[in-house]
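Asker: need coordinates for the below:
(one chain, ligands or ions: 2)
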Amino acid sequence: MGFIQRYLGRSNIMQKRLNPRFRKTAVTAILSSWCLSSLCLAAQTAVPPPVVTWVNDQATWPANNQTAPSDISPQDKTTKLLVLGSGTPMPNPYRFGPASAVIVNGYPYFVDCGEGWFRAVNRAAVNQHGIDLTQVFALGNLKYMFLTHLHEDHTVGLPSFILGPYKYASSTNKVIMGPPGTDHLVNGIVEAWSADRQEQFEGMHGSPEGSGANAGDIDPDHDLPGPVFEDANVTVQAFKTEHGAFASPLAYRFTAKSDGRVIAVGGDGHYSPGLVQAAKNADVLVIEGVTWDNLKFANWGGGNLDEKIKNISRYHMFPADLKRVQDESHVKEIVMVHEQNFAAPGKYDPLGLQHEMEKNGVKNIHSAVDGDLF
Ligand SMILES: [Zn+2]
Ligand SMILES: [Zn+2]
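Answerer: Ligands and ions are numbered 1, 2, ... in the order given. Next up is the predicted model:
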């Protein structure tokens with residue numbers, strides 16, 4: 001046991017009141033005031049770093065997160081793909097939960113609604129200047145949501161999507177589509193927040209308009225593959241993908257009527273024929289990725305590499321799988337989100353997974369951050 005541990009072991013009050021960062025500072029101050037000999041300076045530098053666990057994984061450290069978004073979209077096209085949230089279930093403070101917007105004629109169609117969705121909308125509007133998102137995200141435009149699957153990390157923003165705009169006087173009821181279970185989920189949220197809706201209705205709004213949501217289940221037996229939505233701007237087709245034990249996770253293919261741009265959003269999952277169909281000759285595919293080379297450093301999936309391979313391959317996209325998707329679909333550009341870029345301690349590279357994908361033959365792939373425009 002080292003000196004500092006022994007010292008803190010005798011000082012229970014200090015241990016309880018100070019978090020590790022401040023505890024280290026306090027101990028350093030005590031040591032500094034105690035003596036200034038070279039021996040004591042050596043003791044300061046010997047303080048071990050805090051233990052790294054799932055909750056402070058190196059992928060979430062400030063130095064490993066670039067936060068300024070880019071505009072990589074073709075300037076001669078008005079249809080754009082905006083990454084609102086590039087994160088995973090990992091509570092990375094620099095990446096909101098999975099969420100995207102396909103923007104056609106200045107109007108947004110949202111795909112997935114992860115943690116922090118409402119904040120992600122505002123943050124993108126503040127940080128991304130490639131197009132005027134303050135107009136795109138006018139309150140009345142926050143209406144259409146397409147869910148790829150019903151994992152919590154892709155849906156936990158729905159209460160904010162449904163009720164946040166209503167607080168600012170939007171009278172637009174929401175329309176939410178997704179795989180079987182979407183209707184149940186949305187109705188449950190509307191019911192669960194009934195006190196909030198009732199209070200606003202009675203307290204300020206005078207109308208329930210804008211506080212509701214119409215949900216639609218996309219039936220894999222009758223609706224797939226096929227068009228599930230159409231308006232003056234877009235046609236949206238849905239395709240069945242594969243992700244864990246879900247019966248029918250979905251990929252969406254947006255075809256813009258104005259400029260013909262095709263944007264596919266794949267959600268989570270490994271290779272599937274449906275994903276290839278969704279991305280067939282598309283301009284952009286938004287898709288997840290997970291490392292193969294560094295899978296042994298994964299912070300979930302099992303206690304050893306064999307278990308991690310077995311479990312994670314049922315859920316996520318390894319480089320060889322994504323190469324196959326690209327080869328068979330001929331999609332032009334790949335926007336990688338939901339990255340599981342595990343790495344050896346001290347070896348984290350923010351672009352490590354993109355480089356691994358490229359090493360495996362995946363071309364024209366971008367490692368996205370929140371607010372990126374494609
Ligand atoms: Zn996910
Ligand atoms: Zn998922």
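Asker: how many other residues sit next to R123?
Answerer: 19 (other CB atoms under 10 Å). Every residue, glycine included, has its C-beta placed from N, CA and C.
Asker: before we move on, what about the one 5 residues further on?
Answerer: Burial measure for Q128: 22 neighbouring residues, criterion other CB under 10 Å.
Asker: contacting residues around the closest residue to ligand 1 within the stretch 101-250 of the chain?
Answerer: Among residues of the stretch 101-250 of the chain, the one nearest ligand 1 by CB to the ion turns out to be D153. It sits 4.4 Å away. When the contact criterion is CB atoms under 8 Å, 6 or more residues apart in numbering, the partners of D153 are 87-89, 97-98, 114-115.
Asker: can you do 7 Å?
Answerer: Listed by CB atoms under 7 Å, 6 or more residues apart in numbering, the contact partners of D153 are 88-89, 97-98, 114-115.
Asker: so which of those residues is the most crowded?
Answerer: Of the contacts of D153, P98 is surrounded by the most neighbours, 34 neighbours in total, counting by other CB under 10 Å.
Asker: which residue ranges of the stretch 151-300 of the chain form helices?
Answerer: Counting by DSSP state H, counting those that start in this stretch, one finds helices in the stretch 151-300 of the chain at the ranges 152-155, 158-167, 182-192, 194-200, 273-278.
Asker: before we move on, back to that, and the contacts of D153, which is closest to V276?
Answerer: If you rank the contacts of D153 by distance to V276 using CB to CB, P98 comes first, at 20.9 Å.
Asker: what's the closest non-adjacent residue to the closest one?
Answerer: Nearest residue to P98, sequence neighbours excluded (CB to CB, 6 or more residues apart in numbering): G114, at 4.1 Å.
Asker: am I right that the one you found is in contact with G85?
Answerer: Yes. At 4.7 Å, G114 counts as touching G85 under the criterion of CB atoms under 7 Å.
Asker: next, the buried residues of stretch 237-250.
Answerer: By neighbour count with 16 or more other CB atoms under 10 Å, stretch 237-250 contains the buried residues 237-243, 246, 248-250.
Asker: contacts only, for F239.
Answerer: Listed by CB under 7 Å, 6+ apart, the contact set of F239 reads 224-225, 250-251, 253, 274-275, 277-278.
Asker: ok, the nearest residue to it once chain neighbours are set aside to ligand 1 distance?
Answerer: Once flanking residues are discounted, F239 sits nearest to G274: 3.8 Å by CB to CB, 6+ apart. In this structure, G274 lies at 17 Å from ligand 1, with CB to the ion, to the nearest Å as the measure.
Asker: now G274: how far from ligand 2?
Answerer: Noted for G274: a distance of 15 Å to ligand 2, by CB to the ion.
Asker: then K143?
Answerer: Distance from K143 to ligand 2, by CB to the ion: 24 Å.
Asker: do Y271 as well
Answerer: Distance, Y271 to ligand 2, using CB to the ion: 15 Å.
Asker: so that residue makes contact with D321?
Answerer: Yes. Taking CB under 7 Å as the definition, Y271 is a contact partner of D321 at 4.1 Å.
Asker: closest residue of the stretch 101-250 of the chain to ligand 2?
Answerer: Ranked by CB to the ion, the top residue of the stretch 101-250 of the chain for proximity to ligand 2 is H151, at 3.6 Å.
Asker: check contacts around the closest residue to that residue other than its chain neighbours.
Answerer: Closest residue to H151 in three dimensions, ignoring its sequence neighbours and counting by CB to CB, 6+ apart: D268, at 6.9 Å. If you count contacts by CB under 7 Å, 6+ apart, D268 has them with 148-149, 151, 243, 288, 315-316, 338.
Asker: same list (these) but as CSV, adding distance to D349.
Answerer: Listed next are these as CSV, based on distance: CB to CB, whole Å:
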residue, distance to D349
T148, 28
H149, 29
H151, 27
H243, 27
E288, 18
Y315, 23
H316, 19
H338, 18
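Asker: quick one: contacts of stretch 340-356?
Answerer: Outside stretch 340-356, the residues within contact range by CB under 7 Å, 6+ apart are 52, 58-59, 64, 66, 88, 289-291, 293-295, 297-298, 316, 319, 336, 339, 365, 367.
Asker: now the buried members of those.
Answerer: 58-59, 64, 88, 289-291, 293-295, 297-298, 316, 319, 336, 339, 365, 367.
Asker: all strands for the stretch 1-150 of the chain, in order.
Answerer: Secondary structure of the stretch 1-150 of the chain by DSSP state E, counting those that start in this stretch: the strands cover 80-85, 99-104, 107-111, 144-146.
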